[in-house]
Every structure is written in structure tokens, then in C-alpha cells.
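Enquirer: Only the shape, not the letters, is given here:
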């Protein structure tokens, strides 16, 4: 039976909390190399996150939404995509978009407030960051619908949080997906907290996965801190989206149960609204040591490889930071670009006005604000 | 800053028991004071309860007034405003918080189609005495959608009032008026100056009436109209020009309704006007004020009316925001250009 045919409250798990394969579970069909790469990308995510928070503290990055604790859900799900599939992030999926080809430097530039951070390479099937809540769900449904109308066989994976399930766009996106039977997979990173509001205050539903029932398609709950279970569930959903069985609808709602170890963003102080005991409880489920234990206990990972991975990711993050910080300061002209295909006269006039102000007064005078 | 004489309901802080507060503390104080006086007043929104608001504008209110009057809602702006409309129509006085103005749009339909029209549609049978609070504006190095000033969308909507304080004193007094107003009020809080300075705020309750501008600086040569965070930058520009150009600064405080009398009176005295706002130029409120001056005072006009505004671009990510926002140098140049016409 496919993992997504379970009851919405029957949480899928492959690794137990100590990182060993459960007796009733099957390890996904992934090569040893892919499993090692998954682990590497999770480590990369954790290290990137620590560096980003530190850069923010030093004033070298703007407000940043950390993802520590959520690496298993992001990496496990993104590994389930085929290259031709599309990924729709919210604003916290730095690891997922990296797995699907988004250059790390672009992600960092975006959070450093540079317009160039929004530029997604043409050959990367990742949609833009969505800072407003749940607005990306109808977009994913629409793009999946367009792909279906074009006769393609692609899947569209859309991320959002537990808070997003309260927004109208969540309902509308899922409802259209069911009605028009589009190849979309809705991936809810239920990290228990929408800033200070706990999951149980978002909805009186017992699970978020069960909301799928109302839209006529399958919903499944998975241990979002178990990367193997996340991979398997997402892979099953992606395959169904592309080639549904008789009587099956293409969309799936996945609720990945997890926890954000850190703050909502660097502007938030979680100690105001949640207990340290709770954080410690969830840290026992940390996806990184679980994956590492799995790999080591099955003979796939040794100290030498682990050390090499650590050196590799540290170099990669350090090089990326150096790269983005050495890029020239964004030019004011960049804010006038790409507003329309052709710049209207009034914008051209305003740009020339700003350039004249800079010449007459100098940047220091204009930026003293 | 000189101030127009306050109405009898607004006390001079020097005459009464007062506390030195920031603007955001004055908002909190205004909420607490009114909640203590009127048990129908309640606060609702995302993270306003236990967390005390992402800007701490509701700090401590949850402990003081309890979970039924300081309500953490699900993450749903349309739901927050829509249910607040129902509460208001049923006799309560909800103050709904939109976490950032950039996230108000899911509630746009509820605001413009219902909050603003309930009285009109029902011929007065149902009314909507509610406040929607929203931090707005740029300059705090925030992510995308956290910095816009889209007051013009809302000023355009009949049935809705729009107020913007620029001092702690005004924040409390305007918020009190907004809560007591019989119609819905959008209360926009300039988050750039939430903690930029302190001002004396009376402990007692008082009202700054909606629809009354105030003169922040008197002058004879030109009038600069402004509101919110731009009021301070405009006063700074006026001070820099002192000795060269004598600038009168009018802080509108209320964007809907506009204080036609004060706006026109100042223009008829100086004969020149510059309007400063951080919103984009096209379709911004500067155009409306310009039209008002032309309608009322054409024969007093001595120069083209100037506009110093944000650009007609999406608000940039933070690395460029200081180029986007008007600041004293740009404002001074705009004033000089108008005066030297």
C-alpha cells in the first residue's frame, strides 16, 4: 500500500527517534550515494542557518527566517522531485530550493536585501519566494493546471506552514486542485508555531492532513523530522500526481509534523511564548543525528566521509558568503528595472531625477535619512 | 515643535499626570486606557496576546484583560476583519491588528466592501464602529512586503476613515477617537518612528479629533504637507532651510477626512505648497491635496505645487530603501524648487 493511502492520522515513520529503521518500515529505494547526499544537504542547511543567524546579528544580513529542525522535511521532500518538476517555496525553504537547483548565493542575496537575490536562473524550476501567507498555493495549483492542459507529465510541489492552513488562499488553492484534478502536491511544514500561535489554535481539526478529505483527495501525516519517511511519502505523492491510479485524484496534502528549533525570524523572541522544555522535547527528534545514526549503523557512513562532508559544506557556505559580500552594492537603478517589460516614461523620468540628486548631493546626503 | 491649540478634550501633558513614552508605547497605553474605560473594547489579531504583538504594541494587555478581550486569532486577515465586523455590528468595539500593512490585502474585500459600506447598505441599521491598526512604511530593513505605504487605496474608499499619528501624544489621542468613532477607522502606525523618540503622554484618556490637522512649524514662504514618519523628516528639512526659506509644516494626522480648513488656510497664507509622502507618486494622496488647493485657492497660488514622494516602483528590498524614501535633502530640494519658481 502506498504511504499516502493511510488514514490522515496514521503518521508515517521509517526511522525511529534514535535513527534506527522501524521493524514495520522499508527504507526507500535510494542509492547509498543519494542517501549520503541527502545527509550532506541537511548538514549544509544546518550550517547555513547558523551562519545566516550570525550574519544577521552582525548586521551583515537582514531579518532572516531560520529553518533549524526542519532540514529533514525540506531535504527529504525536495529529493523526491524529478528535475522537470516544479517547487514553490514559502519563505523558509532555503534548503529545499537549494536541493532543486537554486544557487545558494541568490537565496542569501535576497535575505541581504538585494534585488538580484530574486533572480532565479532560467533552468531552475523554482517559483519566487512568497512572504505573504498561503498566497503561493493557488499559484502552484494554476501552474500545475497549465501543465496538465499542455499535456505534460510534471508535478508541482508547494510548501507552506501550519499557519497558512487558516488563510482563505489555502482553501481556494486546494479546492481548485481537487476540482480540476491538477498534479500538485501540497506540503505543509507543520512546525507547531505560527510565530507565537500554537498549531491547536489555528484549527479545531485533529490533524491538518485530514483537511484533504474535504477537497476529495488524499491527506497524509508524516514524521517531518524523519527524512526517509518524508522522502517516501512525497515520492509516492509525486508519482500519483503524474500517473494516478484508477479512481485516484492527482493532488495530495502532506502534513509533515516537525518543529522549528529557533525563532520565527531573527526579529522574534520565542522565549516569550513557548517553554524551553518543549524545545528540548522536540530536539530529541532532531533529523540530523537520526539520519547520521541510520547511515552509520547501516555501514553507509564512516568518520572519514563525515569529516569530508563537514569540510565541504563549511567551505561552500564560506565561499558563498564571500561571493555575495564581494558583489558590488546594489545600484539604485535596479529598483526601476523589471517593473514592466518596457519602462514607462514616468519611471524613466523618476530614475533620471534620482540620478541627478545623487550627482548633485552625493549618496551620503541622500542616505542619511 | 509648535502645535495648534488643542481642543478642550486634549490636555496639555504639562498640566496633568503624564509619562514619557515612545509612539508604540503610546499606542499600547491608548488601548489599555480605553479597554479599562469601556468593556466592549477588545483587541484581536495575530500574536497580539501572549506574545504582546510583534512590535510589542499590545504588551501586557493579555495579562491585564484576559484572553477574551485580547485575542490571538488564527493566521487569517480576512477572518480577523470579517469577524470583527460581525462583533462591531453586534455592539462590541473591536480593535483588529493587521501585523503589517503589506499583509492587509486578504482583508481588503472585508474592509472596502463591508466595513466601509455596512452603514450605507443597511441605511444605518447596522454600523461598524471598529478600528483596524496596521504598522506601515519603510526604513526598518525589513523583508519584502513589510515596508509599503498604501494609504491611498483606503482613502479612496467612502465610509472608511484613515488616521496616522506622528507623535506619541497624537498616537494615544487619535487612537482613542478612532475607538470611539461610530464608523470604521484604519489606524496606520509609522513603524519607522515607533521607538525613534519619546514624548509626554497624559495618563488620562483624551481625544485628538479625527479630521484635524496640526501645524508643526509656522512659516510664511511655503507650506509642506506631510504625515507619519515623513512629518519628522519634513520638519528637519524645514529647520535646515531656516534663514533661507521660512517653511510652514502641516502634519495632516487624518488622511480621511482631510482637514480642508487647515490645509487651505495655510496655503492661502504662503501661496506655495510641497506635499511629502513615502507612497508612490502616481495616484498618491499628494494629487488629491493638490486638487483641493486648486479648487479652493487658485488665485493664491504663486508656484506649481511640488511633490516629494516614493517612486512608482514596488518598494525595493532593504538594500535600496534609503534611495526610495524621501529624506531631508530631497525634501529641501523639493521645497527650494517650488519657492524658486
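Expert: Structure received. Source: prediction; values computed, not measured.

Enquirer: OK, contacts around residue A:79?
Expert: A:30, A:34, A:38, A:41, A:99, A:231 (CB atoms under 8 Å, 6 or more residues apart in numbering or on different chains). (Glycine included, C-beta is placed from N, CA and C.)

Enquirer: Is the first one inside a helix or a strand, and which specific one?
Expert: Taking DSSP states H and E as the criterion, no element holds residue A:30; it sits outside all helices and strands.

Enquirer: same question, the last one
Expert: Here residue A:231 is covered by helix A:227-242, with elements defined by DSSP H and E.

Enquirer: for that helix, what is the average pLDDT?
Expert: Per-residue pLDDT over helix A:227-242 has a mean of 98.

Enquirer: Closest to the centroid, which residue in chain B?
Expert: The centroid of chain B falls nearest to residue B:164 when counting by CA atoms, centre = their mean (0.9 Å).

Enquirer: returning to that earlier point: in the helix holding residue A:231, what's buried?
Expert: A:227-241 (16 or more other CB atoms under 10 Å in any protein chain shown).

Enquirer: from memory the residue nearest to the centre of chain B sits against residue B:255, does it?
Expert: Yes - judged on CB atoms under 8 Å, residue B:164 makes contact with residue B:255 at a distance of 6.1 Å.

Enquirer: from the middle of its chain, how far away would whichever strand or helix holds residue A:321 be?
Expert: Here residue A:321, judged by DSSP H and E, is contained in helix A:303-326. Remark: helix A:303-326 is offset 21 Å from the chain centroid, using CA atoms, centre = their mean, to the nearest Å.

Enquirer: need the next SSE after it, C-terminal direction.
Expert: Counting by DSSP H and E, what follows helix A:303-326 is helix A:345-361.

Enquirer: Who are the packing partners of that next one?
Expert: helix B:328-339 (3 or more CB pairs under 8 Å, 6 or more residues apart in numbering or on different chains; DSSP states H and E).

Enquirer: and if we set it to 10 Å?
Expert: helix A:363-366, helix B:321-324, helix B:328-339 (3 or more CB pairs under 10 Å, 6 or more residues apart in numbering or on different chains; DSSP states H and E).

Enquirer: Show the average pLDDT along whatever helix or strand residue B:262 lives in.
Expert: Secondary structure assignment for residue B:262, by DSSP H and E: helix B:260-270. Helix B:260-270 shows a mean pLDDT of 98.

Enquirer: Show me what that helix is packed up against.
Expert: Going by 3+ CB pairs under 10 Å, 6+ apart, helix B:260-270 lies up against strand B:214-217, strand B:222-226, strand B:247-251, strand B:273-280, helix B:285-297.

Enquirer: Looking at the ones you listed, spot the one closest to chain A.
Expert: strand B:273-280 (9.4 Å; CB to the nearest CB).

Enquirer: touching chain A at all, the closest one?
Expert: Yes - Strand B:273-280 reaches chain A (CB under 10 Å from any CB of the partner chain) through residue B:280.

Enquirer: Quick one: mean pLDDT over that strand.
Expert: 98.

Enquirer: And stretch A:323-332, by the same measure?
Expert: So the average pLDDT for stretch A:323-332 ends up being 89.

Enquirer: From residue B:164, how far off is the residue nearest to residue B:293 when sequence neighbours are not counted?
Expert: Leaving aside its chain neighbours, residue B:293 sits nearest to residue B:267 (5.2 Å; criterion: CB to CB, 6 or more residues apart in numbering or on different chains). Distance check for residue B:267 against residue B:164: by CB to CB, to the nearest Å, it reads 20 Å.

Enquirer: The closest residue to chain A within the stretch 151-300 of chain B: what's it in contact with?
Expert: As assessed by CB to the nearest CB, chain A sits closest to residue B:282 within the stretch 151-300 of chain B, at 6.6 Å. The contact partners of residue B:282, taken as CB atoms under 10 Å, 6 or more residues apart in numbering or on different chains, are A:344, A:346, A:347, A:350, B:152, B:309, B:311, B:312.

Enquirer: burial measure for the fifth one, as a count.
Expert: Applying other CB atoms under 10 Å in any protein chain shown, we find 19 residues neighbouring residue B:152.

Enquirer: I figured it was touching residue B:289, is that so?
Expert: No - using CB atoms under 10 Å, residue B:152 is not in contact with residue B:289; the gap is 11.4 Å.

Enquirer: biggest helix in chain A, by residue count?
Expert: If you go by DSSP state H, chain A has its longest helix at helix A:32-57.

Enquirer: so what's residue B:189 closest to, chain neighbours aside?
Expert: According to CB to CB, 6+ apart, the nearest residue to residue B:189 is residue B:135 (4.8 Å).

Enquirer: Confirm that the one you found sits in a helix.
Expert: No - going by DSSP: H, G, I helix; E, B strand; the rest coil, the assignment for residue B:135 is strand, not a helix.

Enquirer: Give me the residues contacting stretch A:292-302.
Expert: Taking CB under 10 Å, 6+ apart as the rule, stretch A:292-302 contacts A:14-21, A:27, A:32-33, A:35-36, A:38-39, A:42-43, A:226-228, A:286, A:291, A:303, A:305-306, A:308-309.

Enquirer: first vs last residue of that stretch, how far apart are they?
Expert: 10 Å (CA to CA, to the nearest Å).

Enquirer: what separates that stretch from the chain centre, distance-wise?
Expert: 26 Å.
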